[in-house]
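[1] Provided below are the primary sequence and the corresponding predicted coordinates.
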Amino acid sequence: MIKIQKNSIMHTVKKDKFVIQGLGGKKTLSGKIAVKGAKNAILPVMASGILFKDGFTATNVPEIEDLGRMAEIFDGLGLQINKQARGKYLINSEGINGAEIDENASKHLRASVIFTGPLLARQGELIFPHPGGCVIGARPIDLFLEGFKKMGAAVEIKKNKYFVKAKNGKLRGAEIFFKIQSVTATETFIMAGVLAKGKTILKNVALEPEIVDLVNFLNSCGAQIKGAGTPTIEISGGGLLKAKGQIYKTMPDRLETGSFLILGALCADNLEICDCNPQHIEILTEMLKDSGVNLELGKDYIKIINNGGKPNGHFKSLNIKTREYPGFPTDLQAPLVVYLTQVGGDSFIFETIFEGRLNYTEDLVKMGAVIKMWDAHRATVNGPTVLKGRELDGPDIRTGFAFVIAGLVAKNESIINNVYYIDRGYESIEKRLRQIGADIKRIN
Ligand code: UD1
């Protein structure tokens, strides 16, 4: 058994670059690419380990950078996360002895905020810094602080840290209406409710499949949570959960599935994306079909068929508005904008979730794209355009992958810096892309 070492991953790969030889619009990628387990599913499931009396094994875990940050937080709290094999981890909270979330890990991982709910519920107190992560606009935590207060906790801010204390050391169930649908706030308060006294009712919650997946797992270990996947969730609080040997299998990553679909639509002839759940990405498959991409959808695969016969300029433009699930995911907005630079006509993009998440379009314009920004949230893309390879700095996970797509579709060579961000969410991506014919090398 290998214990994940603190700081083991991030600092060694931080300066890696990708060098990509562009296809200049040719569609030569082909074969099969498998989707890994979902980052946004395994992170809350790992944090849920705090709710358990015993431990559990998680399988199909993606080997990504963010796991290293989770391990740092686990370490600081006296929790165990042990690697048993590739993609297989044992999570155990028997040794829990802390209530403070590691500052360095939190700075790099916005999702560290998911620890706050279960930690406060189990330990009765909590100390955490303002979480960081991807540079995609201001990411407030007001929903979290208001929710903790509703559950009977006092919140103080000292030296840039939040100090939260539950009254008499125990959270009490509460009714919480979220003014904004938030994925991590929904997950945090589901987990807080599991160990709180009495009933917790959460209204206007997020509907993402990763929330349903978390709830199914917690319920299979003794939690009483109703309504996941609907706007209202009810949790009856109780004691610590018991896994009793239960294994959690990480669901397929719908955002990786969508990323591969967009890449395949632009650069592949025949491509099969396997080990995925097409139902979780219906908004994208419907849009690509409208645009003219020929897709075959199975239970756990999507095929892009005979795509090479049509130049990308024949595909039709699209209008997109990012929304909470099942709407168009903000995480696929940047990859889809790269797609829209290659298709014919004017497309309109309205990013409604995060401000600042269209800033990267400047780099696409430098590559030759025609994109007009109306304000921080809205832009028009006019295509098709020939992109020219250049050096790019991805500011977040999904933009990083969007730049990989842009580099592959472009003429000549591109260099992608900040590969650290791509590694945060995509496992060994260059190796997997090479297997379908891409010319992409990692340099450190
Ligand atoms: C999650 C996903 C991320 C995705 C995002 C939106 C995980 C680990 N990450 O992030 O990949 O891009 O959903 O689908 O699942 N907000 C507030 N106050 C708060 C919390 C959030 O105003 O206290 C706002 C945010 O600024 C944003 C909106 O709510 O405008 C939605 O954000 P949220 O769903 O919380 O994003 P994350 O859960 O961080």
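    That came through fine.

[2] which pLDDT value goes with the residue of the chain most remote from its centre?
    Within the chain, N168 marks the point farthest from the mean C-alpha position, 35.6 Å out by C-alpha atoms, centre = their mean. Looking at N168, its pLDDT is 94.

[3] please apply the same query to the one 5 residues further on.
    Per-residue pLDDT puts G173 at 98.

[4] what's the neighbour count on it?
    If you count neighbours by other C-beta atoms under 10 Å, G173 ends up with 20. (C-beta placed from N, C-alpha, C; glycine too.)

[5] and the residue farthest from the centre of the chain, that's in a helix?
    Yes - the assignment for N168 (DSSP: H, G, I helix; E, B strand; the rest coil) places it in a helix.

[6] measure it to the ligand for me?
    Using C-beta to the nearest ligand atom, to the nearest Å, N168 is found at 26 Å from the ligand.

[7] over to N104?
    18 Å.

[8] so that residue: helix, strand or coil?
    helix.

[9] grab the nearest non-local neighbour of it.
    Nearest residue to N104, sequence neighbours excluded (C-beta to C-beta, 6 or more residues apart in numbering): E72, at 6.7 Å.

[10] how close does the one you found sit to F163?
    Distance of E72 to F163, given as C-beta to C-beta, to the nearest Å: 21 Å.

[11] these two - which one has more neighbours?
    E72 (26 against 16).

[12] how about the more buried one, phi and psi?
    phi -60, psi -40 (degrees, to the nearest 10).

[13] same question for L79.
    phi -90, psi 160.

[14] for it, which residues are in contact?
    Neighbour list for L79: G49, I50, I91, N92, S93, G95, I96 [criterion: C-beta atoms under 8 Å, 6 or more residues apart in numbering].

[15] I'd say the first one and I42 touch.
    No - in this structure G49 lies outside contact range of I42 using C-beta atoms under 8 Å: 11.1 Å.

[16] and F144, what does it touch?
    Counting by C-beta under 8 Å, 6+ apart, F144 makes contact with V113, T116, G117, A185, T188.

[17] T257 too?
    With contact set as C-beta under 8 Å, 6+ apart, T257 has these partners: V35, I273, C276, N277, P278, H280, I281, I302.

[18] and K32, by the same measure?
    K32 makes contact with L271, E272, I273, C274, I436 under the criterion C-beta under 8 Å, 6+ apart.

[19] from the contacts of F144, pick the one nearest the ligand.
    Using C-beta to the nearest ligand atom, A185 is the member of the contacts of F144 that lies nearest the ligand, at 5.2 Å.

[20] just to revisit the earlier point, any chance of the contacts of K32 in CSV, with secondary structure and neighbour count too?
    Shown next, in CSV, are these (DSSP: H, G, I helix; E, B strand; the rest coil; neighbours: other C-beta atoms under 10 Å):
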residue, secondary structure, neighbour count
L271, strand, 24
E272, strand, 20
I273, strand, 28
C274, strand, 16
I436, coil, 20
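
[21] report whether D346 is found in a strand, as I expect.
    Yes - under three-state DSSP, D346 falls within a strand.

[22] wait, it sits on V381?
    Yes - using C-beta under 8 Å, D346 is in contact with V381, at 7.2 Å.

[23] need the residues touching each of those two.
    S317.

[24] those two: which is more packed in?
    Neighbour comparison, D346 and V381: the larger count goes to V381, with 27 against 13 (by other C-beta under 10 Å).

[25] the ligand contacts on the stretch 201-350 of the chain?
    Proximity of the stretch 201-350 of the chain to the ligand (C-beta under 6 Å from any ligand atom) is limited to residues A206, T330, D331.

[26] by neighbour count, which of the residues you listed wins?
    Most neighbours among those, by other C-beta under 10 Å: D331, with 25 neighbours.

[27] I figured that residue hits L255, correct?
    Yes - here D331 lies in contact with L255, judged by C-beta under 8 Å, at a distance of 4.8 Å.

[28] who touches both of the two?
    By C-beta under 8 Å, 6+ apart, D331 and L255 have these common neighbours: R398.

[29] quick one on the thing from earlier: and the residues of the stretch 201-350 of the chain next to the ligand, which is closest to L241?
    A206 (22.1 Å; C-beta to C-beta).

[30] residues touching that closest one, list them.
    Listed by C-beta under 8 Å, 6+ apart, the contact set of A206 reads Q181, S182, V183, A185, T186, E324, Y325.

[31] narrow those residues to those in helices?
    The helices, defined by DSSP state H, take in V183, A185, T186 from the contacts of A206.

[32] pLDDT wise, what is V135 at?
    On the pLDDT scale, V135 is placed at 52.

[33] surely G22 touches I415?
    No - G22 is beyond contact range of I415, at 11.4 Å (criterion: C-beta under 8 Å).

[34] the two: who's more crowded?
    Taking neighbours as other C-beta under 10 Å, G22 and I415 compare with G22 leading, 21 against 16.

[35] the residue nearest to the more buried one when sequence neighbours are not counted: what's it in contact with?
    Leaving aside its chain neighbours, G22 sits nearest to A410 (3.9 Å; criterion: C-beta to C-beta, 6+ apart). A410 makes contact with G22, G24, M367, V386, L387, K388, G389, R390 under the criterion C-beta under 8 Å, 6+ apart.

[36] between those residues, identify the one with the most neighbours.
    L387 (26 neighbours).

[37] contact partners for it?
    L387 sits next to G22, T341, Q342, L364, M367, G368, A369, A406, V409, A410, K411 when contact means C-beta under 8 Å, 6+ apart.

[38] could you dump those to CSV with secondary structure and pLDDT?
    CSV is the format used below for the contacts of L387 (DSSP: H, G, I helix; E, B strand; the rest coil; pLDDT from 0 to 100):
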residue, secondary structure, pLDDT
G22, coil, 98
T341, helix, 98
Q342, helix, 98
L364, helix, 98
M367, coil, 98
G368, coil, 98
A369, coil, 98
A406, helix, 98
V409, helix, 98
A410, coil, 98
K411, strand, 97
